[in-house]
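1. Below: sequence and its predicted model.
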Amino acid sequence: MKCRREDMLLYAVTDRAWTGRQSLLEQVECALKGGATCVQLREKTLDEAAFLAEAVEMKKLCAQYGVPFIVNDNVELAIRCGADGVHVGQSDMEAGHVRELVGEQMIVGVSARTVEEALAAQAAGADYLGVGAMFSTSTKLDAHVLSYQTLKDICAAVRIPVTAIGGINRENLMSLAGSGVDGVALVSAIFAAEDIEAACRRLKSLSKAMVAG
């Protein structure tokens, strides 16, 4: 599976902070039913065995919906679970090395905050970029907010798809219109919602309007 621009439209990034009433897998299925176009499993606390078991199940679920399944940071685990892709930050494994390890068929996503980082990631074989944080976010307290102009410059500089991330919700999503971005990656706007499926339907509609704008 290779990365398409439309896969970036509503990119769901997991966070088990809001599990309880539902398991993470149940929450992800609600997001998929609501129209999530990509799912990234982000785990910071699980041990390797539990992380792998969860990843295998989530990969199966995403395959049922025909949606790419991406693992955050852990390249080896992404390979072992048969993920469609892996996403790395600037402080993680270098994108070119990731590409060497995963081969040509796996999607490689890279976080970028500058045009220089974006171009370097593209040259190293990245299939898409995650750009942000666009707004202040409780998910990543050390994230620095980027300007709209920086997002626009990055989108204009690269040929690969770009998804905006960081503090994006239904109130501020439309402010990214006209930037050239292909979609939004969301955490709390999806997984903290009372009704995840309904929230995704609304957010996908907004994202389509934002991309068209």
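-> Thanks, I have the structure now.

2. all helices of the chain, in order?
-> In chain order, the chain shows helices spanning 24-33, 48-65, 75-81, 95-102, 115-123, 148-157, 188-191, 196-212, with DSSP state H as the criterion.

3. These into TSV, with extra columns for distance to residue 41?
-> To be clear about C-beta, it is placed using only N, CA and C from the backbone, and glycine gets the same treatment. Output for the helices of the chain, formatted as TSV (distance: least, C-beta to C-beta, whole Å):
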stretch	distance to residue 41
helix 24-33	8
helix 48-65	6
helix 75-81	9
helix 95-102	16
helix 115-123	21
helix 148-157	25
helix 188-191	12
helix 196-212	16
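
4. most neighbours per residue, which of these?
-> Among the helices of the chain, judged by mean count of other C-beta atoms under 10 Å, the one packed with the most neighbours on average is helix 188-191 (a mean of 23).

5. Would you mind writing the CA trace of that helix as PDB?
-> Once non-C-alpha atoms are left out, helix 188-191 reads as follows in PDB (Å, rounded to 0.1, in the frame of the first residue of the first chain):
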ATOM      1  CA  SER A 188      -8.100  14.500  21.200                       C
ATOM      2  CA  ALA A 189     -10.600  15.900  18.600                       C
ATOM      3  CA  ILE A 190     -11.400  12.300  17.800                       C
ATOM      4  CA  PHE A 191     -10.600  10.200  20.800                       C
END
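
6. Grab the longest strand from this protein for me.
-> Scanning the chain for the longest strand, with DSSP state E as the assignment, gives strand 107-112.

7. Direction included, what does that one pair against?
-> The pairing partners recorded for strand 107-112 under DSSP bridges are strand 85-88 (parallel), strand 128-131 (parallel).

8. Residue 15 is in contact with residue 190, correct?
-> No - under the criterion of C-beta atoms under 8 Å, residue 190 makes no contact with residue 15, lying 9.2 Å away.

9. low-confidence ranges in the protein?
-> Filtered on pLDDT under 70, the chain yields the residue ranges 138-143.

10. switch to 90 and redo it
-> Applying pLDDT under 90 to the chain picks out residues 1-2, 20, 44-45, 136-144, 213.

11. quick revisit: nearest approach to residue 178 belongs to which of the helices of the chain?
-> Among these, the nearest to residue 178 by C-beta to C-beta is helix 148-157 (7.6 Å).

12. sorry, back to before: so which of the helices of the chain gets nearest residue 182?
-> With C-beta to C-beta, the closest approach to residue 182 among these belongs to helix 196-212: 6.4 Å.

13. what's the angle from that closest one to helix 24-33?
-> Taking axes from the mean of the first three to the mean of the last three C-alpha atoms, to 10 degrees, one finds that helix 196-212 is oriented at 50 degrees with respect to helix 24-33.

14. Which elements pack onto helix 196-212?
-> Using 3 or more C-beta pairs under 8 Å, 6 or more residues apart in numbering; DSSP states H and E as the contact criterion, the neighbours of helix 196-212 among helices and strands are strand 10-13, helix 24-33, strand 183-186, helix 188-191.
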